[in-house]
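Student: A structural model of the following input is requested.
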Amino acid sequence: MLELHACNGAPEDWKQRFVTCFIAAIDETGLPDDADLRQVLRDYMAWAVQDVMAYEDPGSVVPSGLGVPRWSWEGLVSDGR
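Tutor: Predicted coordinates for the structure are as follows:
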């Protein structure tokens, strides 16, 4: 996923706009009105966007062999590296 988004650049407000859209999508799915669930999902997406944006600059290289990050109710367990 990182490779797919690498080197694309993004407007400064893209990160916040993306997270806002993600939260709106959660609201529209009819998920339970569970504050803890929504906070974990929000935190995950904010982290994921930040991770993707680490490789936004032209010429950025995503290291090969990265593992899959693991997220839990307590947050990031392992970033796969």
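
Student: what about M45, neighbour count?
Tutor: 19 (other CB atoms under 10 Å). Any C-beta I mention is one placed from the backbone N, CA and C, and that applies to glycine too.

Student: distance check, it against D13.
Tutor: Look at M45 and D13: by CB to CB, to the nearest Å, they are 16 Å apart.

Student: what of Y44?
Tutor: To D13, Y44 is 20 Å away according to CB to CB.

Student: neighbour-wise, which of those two wins?
Tutor: Neighbours per residue, other CB under 10 Å: of Y44 and D13, the larger number sits with Y44, 16 against 9.

Student: so what's the closest residue to that one other than its chain neighbours up against?
Tutor: Distances taken as CB to CB, 6 or more residues apart in numbering place W71 nearest to Y44, at 5.1 Å, with adjacent residues excluded. W71 makes contacts with V40, Y44, W47, V77, as judged by CB atoms under 8 Å, 6 or more residues apart in numbering.

Student: make JSON lines from these and add pLDDT, secondary structure and distance to P58 to it.
Tutor: JSON lines is the format used below for the contacts of W71 (pLDDT from 0 to 100; DSSP: H, G, I helix; E, B strand; the rest coil; distance: CB to CB, whole Å):
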{"residue": "V40", "pLDDT": "92", "secondary structure": "helix", "distance to P58": "33"}
{"residue": "Y44", "pLDDT": "91", "secondary structure": "helix", "distance to P58": "27"}
{"residue": "W47", "pLDDT": "90", "secondary structure": "helix", "distance to P58": "24"}
{"residue": "V77", "pLDDT": "90", "secondary structure": "strand", "distance to P58": "32"}
